[in-house]
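Chemist: I need the structure of the sequence given here:
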Amino acid sequence: MHKFNNCNIKASSSRKHKPKSSNSKNSPKNHLNYDDFVISQFKNDKEFLKTCLKQSFNDYIKTGNKAYFIEALEKAVKAHGTTKIANATKLNRQNIYSLISKKHNPTLKSFKVLMGYFDLEIALK
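Modeler: Numbering: from 1, shown residues only. As a prediction, this is how the structure comes out:
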């Protein structure tokens, strides 16, 4: 199970969430899976997205485990759209996919540009 610490979200691909709707029925098509739920939250609540990215990045710095941060970053990119982000940042789509891949180590410059898209900075203290 994955989680975004201090974001009140715990990941589980099998978990289902009902959308808030007055005409919601119990049919499966009216249920969101966990990933869709988080992506929807990230798309509609910029402060929530920033809080989750900050916290998961801080956890990565403290523990060295980047899994939660990459998961949060991947969902943030999906929420805003790879093409839209690529056009706004001048990063190519492949570079963005590399940034959210668990297998690649992106350059600091590319990472900084992507974080800037979400109004976040990388700072050393």
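Chemist: lowest-scoring secondary structure element of this protein by mean pLDDT?
Modeler: strand 16-17 (a mean of 42; mean pLDDT, DSSP states H and E).
Chemist: return the set of buried residues in the helix ranked longest in the chain.
Modeler: Among all segments of the chain classified by DSSP state H, the helix with the greatest residue count is helix 46-63. For helix 46-63, the buried set under the neighbour-count rule, 16 or more other CB atoms under 10 Å, comprises 48-57, 59-60. C-betas here are computed from N, CA, C, even on glycine.
Chemist: who are the packing partners of it?
Modeler: Counting by 3 or more CB pairs under 8 Å, 6 or more residues apart in numbering; DSSP states H and E, the packing neighbours recorded for helix 46-63 are strand 2-4, helix 34-44, helix 67-80.
Chemist: do that again at 6 Å, thanks
Modeler: Judged by 3 or more CB pairs under 6 Å, 6 or more residues apart in numbering; DSSP states H and E, the packing partners of helix 46-63 are helix 67-80.
Chemist: report the buried residues of the helix it packs on.
Modeler: For helix 67-80, burial by neighbour count (16+ other CB under 10 Å) applies to 68-80.
Chemist: quick one: which of these is nearest residue 93?
Modeler: Proximity of the buried residues of helix 67-80 to residue 93 was ranked by CB to CB; the top entry is residue 77 with 10.1 Å.
Chemist: find me the pLDDT at that closest one, would you?
Modeler: The predicted structure scores residue 77 at 96 on the pLDDT scale.
Chemist: do residue 22 as well
Modeler: We have a pLDDT of 42 for residue 22.
Chemist: please apply the same query to residue 53.
Modeler: Per-residue confidence (pLDDT) for residue 53: 94.
Chemist: hang on, isn't residue 66 packed against residue 57?
Modeler: No. The pair formed by residue 66 and residue 57 falls short of the contact definition of CB atoms under 6 Å, at 9.0 Å.
Chemist: residue ranges with poor pLDDT in this protein?
Modeler: Judged against pLDDT under 70, the low-scoring parts of the chain cover residues 1-32.
Chemist: re the thing from before, just the angle between the longest helix of the chain and helix 67-80, please?
Modeler: Taking axes from the mean of the first three to the mean of the last three CA atoms, to 10 degrees, one finds that helix 46-63 is oriented at 160 degrees with respect to helix 67-80.
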